[in-house]
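S.K.: give me coordinates for this.
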Amino acid sequence: MQPLTLSPNDFRRLATVLRTLAPTAARPGLRKLGLLRGGPTDDTSDATYEGFVTALEALGPTFVKLGQIMATRSDLLPPELTERLGRLHDSVAPAPFEQIREQLTIDLGGTPDDIFAEFSPAPIAAASIAQVYAARLTTGEEVVLKVRRPGIGAIMRADLRLLAAAARVVERRAPALRRHQPVRVVSELSDALLEEIDFRIEARNQSEVRKRATVFHVPLVHERFTTERTMVSTRVRGRPPNAVFRSEEPALARALAPEAARGLLGMILLDGVFHADPHPGNVLVTPDGRLALLDFGSVGRLSVKRREQVLVVLGSLVDADVAAVSDVLMEWAGRSGPPPTGLEQGVERFFLRYAADSGRPIRLAEAIGEFVSIARDNALTLPPDLLLLLRALGIAEGLARTLDPELDVVDAIAPVVVKAFASRFAPKALATRAFRAFKEFDQILATGPEAIRRGIGRLSRDGLVIRLSSSDLADLPRAVKRAGESLSVAVVVAALVVAAAIVTVANDGQVAAPGRIAILVASGVGLAAFVARLLRRD
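M.R.: Just a heads-up that it's a prediction; the model follows:
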């Protein structure tokens, strides 16, 4: 670990941070780490939680963003705290335009009056990182200009140095927290925050979501005027989708509610790129009755593997597959070996409350909260991308219920889940998975002989000790037989699926029609046989 050098200004800032946090819910942790005098206490009243949130706001943009990220860590923090952190606002008094004019002129390549046909120096919105101004291009198009506050980069980098130093202290002095890897977490936080103040990255996020969006309207980015510190995009006019809008436009609100839920879940499960903070302040209802998304500073991304894992959990709600969900939770936490004692019991209780045949209305946010509690109660730390997804789903449900309090969100998103499941069995997806399986099989063949040779050498040196339980032996022959049959069927099916994918895309002259039909039929029969074998319980 490289040494971290703090300047005298850093130490003065540290003193300010400690003075601000000392009276809040952070006090017990600071005492335990030896940063405050006195023994550890457990003062976690509502007042100290509220004070902690207020202190983060007072400490500025880095700590506000830190608090917003902490709000997603319901697997680590008590819900009373994460709920309050979720209400952290990022609205501050605007900086005078004269402080921004010089920077803006450099970034735009001219003064705003030279670049735009119209420009208003009075900001229409202000936050701790940026301010937003209204303007009009020479083409007549209305736009908004987002400008980073001067000096904010240096302030955030200084605060991030302090957080990195604090993370090292935590790893040294709090062994119980070491498994959460605070140094790595702060490093990832630093990368995320420094990306968020680079508006070129936000512009790419916004353009990427715009290309994929089908339900939401996403403003167009004008790349010509976008730099690290400035960003120009089409202005969207509309109304916030709040209770006032619902009372004035009840029919439209009811129509938009399921669209809001389906639109975000479609981004997550089908596209893998989604707006991570779709609260009503980042959404507008346009005059033509569409939902528009704003502010793409926080965008989540899910790999194909992660989306498949999420689908496993959603699919397990149908047949209450406790083992499958427990395995996914263990994999998410990066844990191997037997699951914690209470994990499967917790998952089973979850299914009793939220499975498809539970007979009770399902509140998505409530179910997500309980699911995360299972991980927290069993000391399983969930990955950040997944927590961002769960938080976004909870916010999306809140948005949908604001538009229609009677909406059954689970019923509304069902078509998206079905479509996501169906997409896994498209020829291209099947061929991709089959190729992946063959590649893994090839790796086993390549590395297997050497592993066996090392194993035999170790046995010849150390001998072999085997512990068997008689209760495990009764089913051993049947288990070995089933494993061999499943493996053979899987290899044959994988080959047939690859063949089917090839003949599907082949030119007519390459494969004769009877042969094409035979391979496709054989692939279907083989796949059905493999699925039937997986579903057998005996």
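S.K.: where does the stretch 51-200 of the chain dip in pLDDT?
M.R.: 72-76, 89-91, 176-180 (pLDDT under 70).
S.K.: which stretches of it form strands?
M.R.: 118-119, 125-126, 130-136, 142-148 (DSSP state E, counting those that start in this stretch).
S.K.: give me the distance from the first one to the chain's centre.
M.R.: Centre-to-centre, strand 118-119 and its host chain are 38 Å apart (C-alpha atoms, centre = their mean, to the nearest Å).
S.K.: tell me which other helices or strands that strand touches.
M.R.: Where contact means 3 or more C-beta pairs under 8 Å, 6 or more residues apart in numbering; DSSP states H and E, strand 118-119 is packed against strand 130-136. C-beta coordinates here come from the backbone N, C-alpha and C atoms, glycine included.
S.K.: hmm, back to that, most packed of the strands of the stretch 51-200 of the chain?
M.R.: Highest mean neighbour count of the strands of the stretch 51-200 of the chain: strand 142-148, a mean of 21 (counted as mean count of other C-beta atoms under 10 Å).
S.K.: strands paired with it, and their directions?
M.R.: strand 130-136 (antiparallel), strand 230-234 (antiparallel) (DSSP bridges).
S.K.: thinking again about what came up before, dump the strands of the stretch 51-200 of the chain into a markdown table; add distance to Leu88 as well.
M.R.: Converted to a markdown table, these look like this (distance: least, C-beta to C-beta, whole Å):
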| stretch | distance to Leu88 |
| --- | --- |
| strand 118-119 | 31 |
| strand 125-126 | 16 |
| strand 130-136 | 17 |
| strand 142-148 | 20 |
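S.K.: of all the ones you listed, which one is nearest Val410?
M.R.: Closest of those to Val410 is strand 125-126, at 34.5 Å (criterion: C-beta to C-beta).
S.K.: need the contact partners of that closest one.
M.R.: Applying C-beta atoms under 8 Å, 6 or more residues apart in numbering, the external contacts of strand 125-126 come out as 91-95, 131-132.
S.K.: between those, which is nearest Phe63?
M.R.: Closest to Phe63, out of all of these and judged by C-beta to C-beta, is Val92, at 12.8 Å.
S.K.: wait, the closest one sits on Ala127?
M.R.: Yes: Val92 lies in contact with Ala127 (C-beta atoms under 8 Å); the separation is 6.5 Å.
S.K.: so how far is Ala130 from the nearest residue to Thr286 once chain neighbours are set aside?
M.R.: Among residues not flanking Thr286 along the chain, Gly238 sits closest, at 4.4 Å (C-beta to C-beta, 6 or more residues apart in numbering). The gap separating Gly238 from Ala130 is 21 Å, by C-beta to C-beta, to the nearest Å.
S.K.: swap in Arg301?
M.R.: 22 Å.
S.K.: in JSON lines: the strands paired with strand 142-148, plus distance to Val144.
M.R.: Output for those, formatted as JSON lines (distance: least, C-beta to C-beta, whole Å):
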{"stretch": "strand 130-136", "distance to Val144": "5"}
{"stretch": "strand 230-234", "distance to Val144": "6"}
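S.K.: quick one: closest of those strands to Phe63.
M.R.: Closest approach to Phe63 among these (C-beta to C-beta): strand 130-136, 16.8 Å.
S.K.: and that closest one, how far out from the chain middle?
M.R.: The answer for strand 130-136 is 29 Å, by C-alpha atoms, centre = their mean.
S.K.: quick one: residues in contact with that strand.
M.R.: 94-95, 100, 112, 116-126, 142-149, 199, 232, 235.
S.K.: and with 6 Å instead?
M.R.: 94, 116-120, 123-125, 142-148 (C-beta atoms under 6 Å, 6 or more residues apart in numbering).
S.K.: can you check stretch 11-24 too?
M.R.: 36, 48, 51-52, 55, 58-59, 162.
S.K.: what's near enough to touch Gly369?
M.R.: No contacts exist for Gly369 under C-beta under 6 Å, 6+ apart.
S.K.: what's the distance between it and Ala324?
M.R.: 21 Å.
S.K.: do the same with Gly151
M.R.: Look at Gly151 and Ala324: by C-beta to C-beta, they are 51 Å apart.
S.K.: higher neighbour count, these two?
M.R.: Ala324 (16 against 11; other C-beta atoms under 10 Å).
S.K.: what's the helix or strand for the more buried one?
M.R.: helix 322-332 (DSSP states H and E).
S.K.: just give the nearest non-adjacent residue to Asp198, would you?
M.R.: Per C-beta to C-beta, 6+ apart, closest to Asp198 is Glu228, 5.2 Å.
S.K.: err, Gly394, not the other one
M.R.: Per C-beta to C-beta, 6+ apart, closest to Gly394 is Ala365, 4.2 Å.
S.K.: returning to that earlier point: so which of the strands of the stretch 51-200 of the chain comes closest to Gly289?
M.R.: strand 142-148 (19.3 Å).
S.K.: send me that closest one as PDB with only the CA atoms.
M.R.: The C-alpha trace of strand 142-148 is given here as PDB (Å, rounded to 0.1, in the frame of the first residue of the first chain):
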ATOM      1  CA  GLU A 142     -34.100  25.800 -26.400                       C
ATOM      2  CA  VAL A 143     -31.300  24.300 -24.400                       C
ATOM      3  CA  VAL A 144     -30.000  24.000 -20.900                       C
ATOM      4  CA  LEU A 145     -26.300  24.700 -20.000                       C
ATOM      5  CA  LYS A 146     -24.900  22.800 -17.000                       C
ATOM      6  CA  VAL A 147     -21.700  24.400 -15.600                       C
ATOM      7  CA  ARG A 148     -19.400  22.900 -12.900                       C
END
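S.K.: can you list the buried residues in the host helix or strand of Glu202?
M.R.: Using DSSP H and E, Glu202 sits within helix 199-212. By 16 or more other C-beta atoms under 10 Å, the buried positions in helix 199-212 come out as 199-210.
S.K.: got it, and stretch 404-416?
M.R.: In stretch 404-416, counting by 16+ other C-beta under 10 Å, buried: 404, 407, 409-410, 412-413, 416.
S.K.: contact partners of that stretch?
M.R.: Residues from elsewhere that reach stretch 404-416 (C-beta under 6 Å, 6+ apart): 254, 257-258, 261-262, 265-266, 362, 364, 397, 400.
S.K.: chain center to it: distance?
M.R.: Taking C-alpha atoms, centre = their mean, one finds the center of stretch 404-416 at 21 Å from the center of the full chain.
S.K.: over to stretch 332-341?
M.R.: 21 Å.
S.K.: alpha carbons only: can I get that stretch in CSV?
M.R.: What follows is stretch 332-341 as a C-alpha-only set of coordinates in CSV (Å, rounded to 0.1, in the frame of the first residue of the first chain):
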residue,chain,number,x,y,z
TRP,A,332,-23.0,-12.0,-4.8
ALA,A,333,-21.2,-11.8,-1.5
GLY,A,334,-18.2,-13.6,-2.9
ARG,A,335,-18.5,-16.3,-0.2
SER,A,336,-17.7,-20.0,-0.7
GLY,A,337,-18.4,-23.0,1.5
PRO,A,338,-21.6,-23.8,3.3
PRO,A,339,-24.1,-20.9,3.7
PRO,A,340,-24.5,-19.2,7.1
THR,A,341,-26.8,-20.9,9.5
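S.K.: now do the buried residues in that stretch.
M.R.: Buried, per 16+ other C-beta under 10 Å, within stretch 332-341: 332-333, 335, 339-340.
S.K.: likewise for stretch 49-63?
M.R.: Buried, per 16+ other C-beta under 10 Å, within stretch 49-63: 49, 51-53, 55-57, 59-63.
S.K.: repeat for stretch 98-113
M.R.: Neighbour counts over stretch 98-113 (16+ other C-beta under 10 Å) mark 100, 103-104, 107-108, 112 as buried.
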